[in-house]
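A.B. asks: Build me a model from this:
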Amino acid sequence: MVNLQYYILEFERNGKLIKSLFEEVTGDLVFWKQSEKKWCLLEIICHLYDEEREDFRTRLKSVLENPEKSFPSIDPQGWVKERKYIEQDFENMLEKFLKERNDSILFLQNLEEPKWNNTYIHPKLGPMSAKMILSNWLAHDYLHLKQIIKLKFDYLQLISGESLTYAGNW
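C.D. replies: Numbering: from 1, shown residues only. Presented below is the predicted three-dimensional model:
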């Protein structure tokens, strides 16, 4: 079955990690991108905020309560421009994400006998169980933590002008 306490603890830890990685970041780093196709820290925190409230928690709740009901539409790539991520206030978006993360943790803590095998049939992705959505939500955190660390590594490379190979291979 699902060890829900494990997931809750990891979501709590990841929220703290994200907060720590984003606190007191300088202006240059907030907007710096490895390339035009990549996201800056501001765009990442906006994405995390939107995904937290409109994707993972919403969709998990939906599949647990009514797996036949269609998921609400999302457009994570389109939201970057549509919602003008680059114009948002970095510190405000971080606080908004942390509030949503706390709401997500409370949602998970208050689940009573969740039906982890409930499955929604996604028109493109096929069967998506509640357990699968929960696991992918946590994996989404890990992918973005990796993205944030890589961005900071690349920024250090740029501003130091030094080879970072002595630190080890990325």
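
A.B. asks: Just name the shakiest helix or strand of the chain by mean pLDDT.
C.D. replies: Least confident helix or strand of the chain, by mean pLDDT, DSSP states H and E, is helix 27-31 with a mean of 93.

A.B. asks: hmm, who's touching that one?
C.D. replies: 40-42, 86, 90, 152, 155 (C-beta atoms under 8 Å, 6 or more residues apart in numbering). For glycine as for every other residue, the C-beta is placed from the backbone atoms N, C-alpha and C.

A.B. asks: in what helix or strand does the residue most central in space within the chain lie?
C.D. replies: The centroid of the chain falls nearest to Leu48 when counting by C-alpha atoms, centre = their mean (3.9 Å). Under the criterion of DSSP states H and E, Leu48 resides in helix 41-50.

A.B. asks: Rounded mean pLDDT for that helix, please.
C.D. replies: Helix 41-50 comes out with an average pLDDT of 98.

A.B. asks: Pull out the buried positions in the helix or strand following that helix.
C.D. replies: Next in sequence after helix 41-50, counting helices and strands by DSSP H and E, comes helix 57-65. Under the neighbour-count criterion of 16 or more other C-beta atoms under 10 Å, helix 57-65 has 57-60, 62-64 buried.

A.B. asks: now Glu43, nearest residue through space, not along the chain?
C.D. replies: Tyr85 (4.5 Å; C-beta to C-beta, 6 or more residues apart in numbering).

A.B. asks: Give the residue spans of the protein that score low on pLDDT.
C.D. replies: Counting by pLDDT under 70, the chain contains no low-confidence range.

A.B. asks: That one: strands as residue ranges?
C.D. replies: 119-122, 126-129 (DSSP state E).

A.B. asks: Columns distance to Glu112 and mean neighbour count on top of those, output as a markdown table?
C.D. replies: Listed next are these as a markdown table, based on distance: least, C-beta to C-beta, whole Å; neighbours: other C-beta atoms under 10 Å:
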| stretch | distance to Glu112 | mean neighbour count |
| --- | --- | --- |
| strand 119-122 | 20 | 16 |
| strand 126-129 | 18 | 14 |
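
A.B. asks: Nearest to Glu68 among those would be which one?
C.D. replies: For the strands of the chain, proximity to Glu68 was assessed by C-beta to C-beta; strand 119-122 is nearest, at 7.7 Å.
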